[in-house]
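J.: Model the following, please.
(one chain, ligands or ions: 2)
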Amino acid sequence: MDSIPANLNSTLSVPSVQELSLQQPEKVPARYIRDHDGDGTIGTFPSDPSLRVPLIDISKLVNVETQDDELQKLHFACKDWGVFQMVNHGVSNTSLENMRNQVQQFFELPFQEKTRWAQKPGNLEGYGQAFVTSQDQKLDWNDMMFLSSLPIQNRKLDLWPQNPPQFRETLERYSEDMRELVISIVKFITLSLGLKDTEISENFREGLYNIRMNFYPPCPEPERVLGIVPHADNSGITLLLDCGDFPGLQFLKDQKWVNIEPIEGAIVANIGQIIEVMSNGIYKAPEHRAIVNKTKERISIVTFCYPSPHMDIGPSEKLIGEGSVAVYKNLTHAEYFTRFFNRELDESFIDSLRV
Ligand SMILES: O=C(O)CCC(=O)C(=O)O
Ligand SMILES: [Fe+2]
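T.: Numbers count the residues shown, from 1 in each chain. Ligands and ions are numbered 1, 2, ... in the order given. Okay, here's the model as predicted:
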């Protein structure tokens, strides 16, 4: 019998969805059913360009001649969507390809082999599922591997796969790349907020980087399950590598779920709740979810980027005063996480941070 987790930083063990899917059931077990076919979202990508998630060319942000225009685009992307896709971001295709291949090879291993790196009681890291706190909770159509990668002293190496053999070094390299990228994006995000100093972006140098590798197996009734239930991320910024070529990731925009069309070599960035707080709510951490496919599996590799634990989490002082008041409380990093892991699953975390 599984023990009941003390808080949300631990999870009950539930069956592997990948193993379930391999048995080719005709119907989905009741525990996964959360019908959503009424919202018609399984379909295709939006053809109307105004309904597509904004595309930001990082090389244009770096170039002084094109910077102002691209910063404008970035500002509206963060304000109106909370998410954008990045091209020309400077991370090599080799790093992205290697990461994608290693994660794919990991999930293709026999189940028994994968369980060498399974989650242990009381901790979310490792191979398993997230946030299952009761035996009757509805489940996501998702298996995952969750690892803390930076700073190095946070690594639990006993949970880092040694099969496939290149997994560890690839993840190491990939997380360094994500760190460099996020420092640069946060610098531009704060610039687009009118903050000229680099205090916030520099705090991502000593930040925390946790990587969640999601595996969504094919599902006989995709319109009846969710790969990941709607949520906003508690990160500063989340960087997502979509390894599918069909609708999977969806963001809520003007009360409608919009499919994100994967672009070869692009990385999706979304605002997390820490940047929402630091921007005093000017930029919002968007709700998003994952849907699944009837015949195809999908992998996504998600890096949750947090600023240094030494940095308080509160509205930037430069954004309050002169007519604007702080909308969110100021918390230490530890207070923020204590609140997050002790929240009720049905309560809005961001609302609990309001003044
Ligand atoms: O797989 C996806 O596209 C979404 C994953 C996600 O939102 C998460 O892991 O927080
Ligand atoms: Fe997410």
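J.: quick one: the helices in the stretch 251-355 of the chain?
T.: Along the stretch 251-355 of the chain, the segments classed as helices by DSSP state H, counting those that start in this stretch run 273-278, 333-341, 349-352.
J.: would you list the ones you listed in CSV and tack on distance to Lys284, mean neighbour count and mean pLDDT?
T.: Using the backbone N, CA and C atoms, a C-beta is placed for each residue, glycine as well. CSV is the format used below for the helices of the stretch 251-355 of the chain (distance: least, Cβ to Cβ, whole Å; neighbours: other Cβ atoms under 10 Å; pLDDT from 0 to 100):
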stretch, distance to Lys284, mean neighbour count, mean pLDDT
helix 273-278, 6, 26, 98
helix 333-341, 17, 16, 94
helix 349-352, 9, 13, 94
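J.: Tell me the buried residues in stretch 257-264?
T.: Trp257, Val258, Asn259, Ile260, Glu261, Pro262 (16 or more other Cβ atoms under 10 Å).
J.: Out of those, which are close to ligand 1?
T.: When Cβ under 6 Å from any ligand atom is applied, no member of the buried residues of stretch 257-264 is adjacent to ligand 1.
J.: following the longest helix along the chain, which helix or strand comes up?
T.: The longest helix of the chain (DSSP state H) is helix 167-192. On the C-terminal side of helix 167-192, the closest following helix or strand by DSSP states H and E is helix 199-203.
J.: And the contacts of that following helix?
T.: Ile183, Ser184, Val186, Lys187, Thr190, Met278, Pro307, Ser308, His310, Met311, Ser316 (Cβ atoms under 8 Å, 6 or more residues apart in numbering).
J.: now those in JSON lines, with distance to ligand 1?
T.: Shown next, in JSON lines, are those (distance: Cβ to the nearest ligand atom, whole Å):
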{"residue": "Ile183", "distance to ligand 1": "21"}
{"residue": "Ser184", "distance to ligand 1": "22"}
{"residue": "Val186", "distance to ligand 1": "19"}
{"residue": "Lys187", "distance to ligand 1": "24"}
{"residue": "Thr190", "distance to ligand 1": "23"}
{"residue": "Met278", "distance to ligand 1": "20"}
{"residue": "Pro307", "distance to ligand 1": "18"}
{"residue": "Ser308", "distance to ligand 1": "22"}
{"residue": "His310", "distance to ligand 1": "25"}
{"residue": "Met311", "distance to ligand 1": "22"}
{"residue": "Ser316", "distance to ligand 1": "25"}
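J.: re earlier: only the buried residues of the longest helix of the chain, if you could.
T.: Result for helix 167-192 [16+ other Cβ under 10 Å]: buried residues 167-168, 170-171, 173-175, 177-179, 181-192.
J.: Repeat that for stretch 158-166.
T.: Buried, per 16+ other Cβ under 10 Å, within stretch 158-166: Leu159, Trp160, Pro161, Pro164.
J.: Out of the helices of the stretch 251-355 of the chain, which is closest to Ile320?
T.: Closest of the helices of the stretch 251-355 of the chain to Ile320 is helix 273-278, at 11.1 Å (criterion: Cβ to Cβ).
J.: list the buried ones in stretch 302-313?
T.: Val302, Thr303, Phe304, Cys305, Tyr306, Pro307, Met311, Ile313.
J.: residue of the stretch 251-355 of the chain with the smallest distance to ligand 1?
T.: Ser300 (3.3 Å; Cβ to the nearest ligand atom).
J.: need the contact list for the residue lying closest to Gln250 once chain neighbours are set aside.
T.: Excluding its sequence neighbours, the residue lying closest to Gln250 (Cβ to Cβ, 6 or more residues apart in numbering) is Trp257, at 4.3 Å. Shown in contact with Trp257 (Cβ under 8 Å, 6+ apart): Asp39, Thr41, Gln250, Phe251, Arg289.
J.: Please compute how far whichever strand or helix holds Glu113 lies from its chain's middle.
T.: In this assignment (DSSP H and E), Glu113 forms part of helix 111-114. Here helix 111-114 is found 25 Å from its chain centre; the criterion is Cα atoms, centre = their mean, to the nearest Å.
J.: Toward the C-terminus, what is the element adjacent to that helix?
T.: Next along from helix 111-114, by DSSP H and E: strand 126-128.
J.: and which of the buried residues of stretch 302-313 is nearest to Leu239?
T.: Among these, and counting by Cβ to Cβ, the member closest to Leu239 is Thr303, at 4.5 Å.
J.: So Ala290 is in contact with His231, correct?
T.: No. When contacts are counted by Cβ atoms under 8 Å, Ala290 is not listed as touching His231 (10.1 Å).
J.: Let me see the contact set for the closest residue to Phe304 other than its chain neighbours.
T.: Setting aside the residues directly before and after it, Phe304 is nearest to Ser235 in space (Cβ to Cβ, 6+ apart), at 4.0 Å. Residues near Ser235 by Cβ under 8 Å, 6+ apart: Gly272, Gln273, Ile274, Phe304, Cys305, Tyr306.
J.: quick one: secondary structure of Ser235?
T.: Here Ser235 is recorded as coil under DSSP: H, G, I helix; E, B strand; the rest coil.
J.: Report pLDDT for it.
T.: What the model reports for Ser235 is a pLDDT of 98.
J.: what about whatever helix or strand Met213 lives in, distance to the chain center?
T.: Secondary structure from DSSP H and E places Met213 in strand 208-216. On the basis of Cα atoms, centre = their mean, strand 208-216 sits 7 Å off its chain's mean C-alpha point.
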